[in-house]
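**Q** Build me a model:
(chains A and B)
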Number of protein chains: 2
Amino acid sequence: MRLALFQLDAGEAPRLDRIGSLLRKARDAGADLAHLPELALPGYGAGVEALRETAAKAPELLAQLADLVAETGVALALGLPVLQDGAVRNAAVVLRPGHAPATYAKRFLYGDYERAAFSPGDAASPLVEIAGLNVGLLVCFDVEFPETVRELALAGADLVLVPTALPESEGASFIARHLVPTRAFENGLFVSYADWCGCDDAFRYGGLSVIAAPDGRALAQAGESVAEMLVADLDPSAFADVRAANDYLGELARMRANAS
Amino acid sequence: MRLALFQLDAGEAPRLDRIGSLLRKARDAGADLAHLPELALPGYGAGVEALRETAAKAPELLAQLADLVAETGVALALGLPVLQDGAVRNAAVVLRPGHAPATYAKRFLYGDYERAAFSPGDAASPLVEIAGLNVGLLVCFDVEFPETVRELALAGADLVLVPTALPESEGASFIARHLVPTRAFENGLFVSYADWCGCDDAFRYGGLSVIAAPDGRALAQAGESVAEMLVADLDPSAFADVRAANDYLGELARMRANAS
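**A** Okay, the predicted model is just below:
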């Protein structure tokens, strides 16, 4: 699979036509999948009212995005607010040509702003197949809990997509440089972590978007402050040796059988 | 608490008299606790027979170590083989002045050598109090599983001591530089990871012993190839802000209450 991650400048939150041009850019780079940050629509810091309004029109937006996906042939993963069981959720959605959208609602809401705008989700992400890989979803703060990625790895994920909105801070830099690669390493899978950079009216973001491999290496990592597209080819078979040498899932199953 | 971590050269596996001199060195540095690598007695690569012989005489060795601890007033954590329920275990033991030893048996054995020598443990470490901190134990490979440190954090650990024997490799460097600091960060506690350097008859080790803080920073980190003592002062109250900002254990409890 060829993945195109877009680190976006929060000063220019994308509209639908902008996402169309990003999908065409991904297609021209030969990508199977384009990955955008948390709340790409309407922008992370757009405010509680704007988040609720976007959630109300999410079905219409998703139908328009599905048209763009069908037109370009490139799958799209992004964050946006949706209504689910009558409540506004901070969701990650994957759109694939010829398939219904797959949706995950963030379970670990972060801070007062998100808690004012959203109700937390209560279920793990579905897994969907893209270019031969099993793909799962998380949103931002979720990935800081090892339980969430482990759950997807045990379900068979090869790749976890994490739209994020990481504020600029020393702690945020630790997450992008150390914690996210550790999630990939300790589960033997790929993690794509798509962040904002720059600032909107409410927040300043730290960039450092990263595509981490099963051996913990960053296949690509963005800078702190500039919008850019990262492209990486994700081939699980290239990491078969690493996964066999560090068979964490197999060892965990054996330990639990031994302890019970 | 002042902690003295000893990264040891595997070419000079310590005997009892050597451990006595390390404890005096720790005492002279004002340390409350000295932390040595995995299988400090008789040396990680000493061979299956030597490991079994040491396990058979572990009660006598521990009594002699307890005398050294009482003499110096410095607690000691180290790895050594012990007999437990009639089986040889790869154990971490903490000796404190005036207390019985606390023992943990490694649950995740690594590779053919360890599996030939040891039976895996099946229980979490006890927590013991040293200089006001709650201290738990793991051994080497155990810490690569996020479940093990989470378990100790949920039980109330402030510090996890990990005697280790990490071979020299690119993957090992990732563990010492990224994974171990992530364990500290994601649980808001201290992790001390005491490795060998140099080589014995069987293995070459990668050093990079580290004392990681609740914000993920390395308070001290050893080089790859030289024996050295790391000293750090561990004060949980200095990280109250970080633990409040990233209240992973509290958020996890809330998420689970929400999902059930």
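**Q** Would you pull up the residue in the stretch 101-250 of chain A closest to chain B?
**A** Nearest residue of the stretch 101-250 of chain A to chain B: A:P146, at 3.4 Å (CB to the nearest CB). (Glycine included, C-beta is placed from N, CA and C.)
**Q** Now that residue: phi and psi?
**A** phi -60, psi -20 (degrees, to the nearest 10).
**Q** residue contacts, it?
**A** A:R183, A:E186, B:P146, B:E147, B:R150, B:E186 (CB atoms under 8 Å, 6 or more residues apart in numbering or on different chains).
**Q** okay, now the fifth one: neighbour count?
**A** Residue crowding around B:R150 was assessed by other CB atoms under 10 Å in any protein chain shown; the count is 19.
**Q** Need the three-state assignment for it.
**A** Classification of B:R150 by DSSP: H, G, I helix; E, B strand; the rest coil places it in helix.
**Q** Repeat that for A:P181.
**A** A:P181 ends up helix, using three-state DSSP.
**Q** Check the one 3 residues further on too.
**A** Secondary structure assignment for A:A184 (three-state DSSP): helix.
**Q** Not counting its neighbours along the chain, what's nearest it?
**A** For A:A184, ignoring the flanking residues on the chain, the nearest one in space by CB to CB, 6 or more residues apart in numbering or on different chains is A:A212 at 3.8 Å.
**Q** That neighbour touches A:P181, doesn't it?
**A** Yes. Using CB atoms under 8 Å, A:A212 is in contact with A:P181, at 4.4 Å.
**Q** Which neighbours do these two have in common?
**A** Joint contacts of A:A212 and A:P181 (CB under 8 Å, 6+ apart) are A:V191, A:A218.
**Q** Now that we have the contacts of A:P146, can you turn them into CSV and tack on distance to A:R177 and pLDDT?
**A** Converted to CSV, the contacts of A:P146 look like this (distance: CB to CB, whole Å; pLDDT from 0 to 100):
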residue, distance to A:R177, pLDDT
A:R183, 12, 98
A:E186, 16, 98
B:P146, 18, 98
B:E147, 23, 98
B:R150, 22, 98
B:E186, 14, 98
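**Q** Which of those residues sits closest to B:A77?
**A** Closest approach between the contacts of A:P146 and B:A77, by CB to CB: B:R150, at 20.5 Å.
**Q** What distance do you get for the closest one to A:F145?
**A** Using CB to CB, to the nearest Å, we find B:R150 at a distance of 9 Å from A:F145.
**Q** Mutual contacts of the two, please.
**A** B:E186.
**Q** For the residue most central in space within chain A, give me its contacts.
**A** In chain A, the residue lying closest to the centroid (CA atoms, centre = their mean) is A:V162, at 2.2 Å. By CB under 8 Å, 6+ apart, the residues touching A:V162 are A:A92, A:L137, A:L138, A:V139, A:C140, A:D142, A:V143, A:V180, A:V191, A:S192, A:Y193, A:A194.
**Q** Could you do A:A131 as well?
**A** A:M1, A:R2, A:D32, A:L33.
**Q** who's in contact with the closest residue to the last one other than its chain neighbours?
**A** Yep, that's A:L33 we're talking about. Spatial nearest neighbour of A:L33, excluding adjacent residues (CB to CB, 6+ apart): A:A75 at 4.4 Å. By CB under 8 Å, 6+ apart, the contact set of A:A75 is A:D32, A:L33, A:A34, A:V69, A:V94, A:L95, A:R96, A:P97, A:I130.
**Q** From chain B, how far off is A:A75?
**A** To chain B, A:A75 is 28 Å away according to CB to the nearest CB, to the nearest Å.
**Q** Surely A:R27 is in contact with A:T72?
**A** Yes. Under the contact definition of CB under 8 Å, A:R27 touches A:T72, with a separation of 4.6 Å.
**Q** ok, those two, which is more surrounded?
**A** A:T72 (20 against 16).
**Q** export stretch A:16-34 as PDB, just CAs?
**A** Only the C-alpha atoms of stretch A:16-34 are listed here, as PDB (Å, rounded to 0.1, in the frame of the first residue of the first chain):
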ATOM      1  CA  LEU A  16     -14.500  20.100   0.400                       C
ATOM      2  CA  ASP A  17     -12.900  21.500  -2.700                       C
ATOM      3  CA  ARG A  18      -9.500  21.600  -1.000                       C
ATOM      4  CA  ILE A  19      -9.900  18.000   0.000                       C
ATOM      5  CA  GLY A  20     -10.600  17.200  -3.600                       C
ATOM      6  CA  SER A  21      -7.300  18.700  -4.600                       C
ATOM      7  CA  LEU A  22      -5.500  16.800  -1.900                       C
ATOM      8  CA  LEU A  23      -7.000  13.500  -3.200                       C
ATOM      9  CA  ARG A  24      -5.800  14.400  -6.700                       C
ATOM     10  CA  LYS A  25      -2.400  15.100  -5.300                       C
ATOM     11  CA  ALA A  26      -2.400  11.700  -3.600                       C
ATOM     12  CA  ARG A  27      -3.500  10.000  -6.800                       C
ATOM     13  CA  ASP A  28      -0.700  11.700  -8.700                       C
ATOM     14  CA  ALA A  29       1.800  10.400  -6.100                       C
ATOM     15  CA  GLY A  30       0.400   6.800  -6.800                       C
ATOM     16  CA  ALA A  31      -1.200   6.600  -3.300                       C
ATOM     17  CA  ASP A  32      -4.000   4.100  -2.400                       C
ATOM     18  CA  LEU A  33      -5.000   6.100   0.700                       C
ATOM     19  CA  ALA A  34      -4.900   9.800   1.800                       C
END
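**Q** list the buried ones in that stretch?
**A** A:I19, A:G20, A:L22, A:L23, A:K25, A:A26, A:R27, A:A31, A:D32, A:L33, A:A34 (16 or more other CB atoms under 10 Å in any protein chain shown).
**Q** Which ones among those map onto strands?
**A** Judged by DSSP state E, the buried residues of stretch A:16-34 include A:L33, A:A34 as members of strands.
**Q** returning to what we had before: ok, of the contacts of A:P146, which one's closest to B:V82?
**A** B:E147 (23.5 Å).
**Q** What is the neighbour count of the closest one?
**A** 17.
**Q** Provide a list of residues in contact with it.
**A** A:P146, A:R150, A:L252.
**Q** circling back: next, work out how far apart the residue nearest to A:L33 and A:G98 are.
**A** 10 Å.
**Q** where in the stretch 51-200 of chain A is pLDDT low?
**A** Counting by pLDDT under 70, the stretch 51-200 of chain A shows no low-confidence range.
**Q** Could I get the contacting residues of A:L5?
**A** Per CB under 8 Å, 6+ apart, neighbours of A:L5: A:A34, A:H35, A:S192, A:A194, A:S209, A:I211, A:A220, A:A222, A:M229, A:L230, A:V231, A:A232.
**Q** ok, 6 Å please
**A** Neighbouring residues of A:L5 by CB atoms under 6 Å, 6 or more residues apart in numbering or on different chains: A:H35, A:S192, A:A194, A:S209, A:I211, A:L230.
**Q** and it, helix, strand or coil?
**A** Looking at A:L5 with three-state DSSP, the answer is strand.
**Q** From A:T72, how far off is it?
**A** From A:L5 to A:T72 the distance is 16 Å (CB to CB).
**Q** Mind jotting down where the helices sit in chain A?
**A** A:16-28, A:48-56, A:58-72, A:111-117, A:146-154, A:170-174, A:180-187, A:240-245, A:248-259 (DSSP state H).
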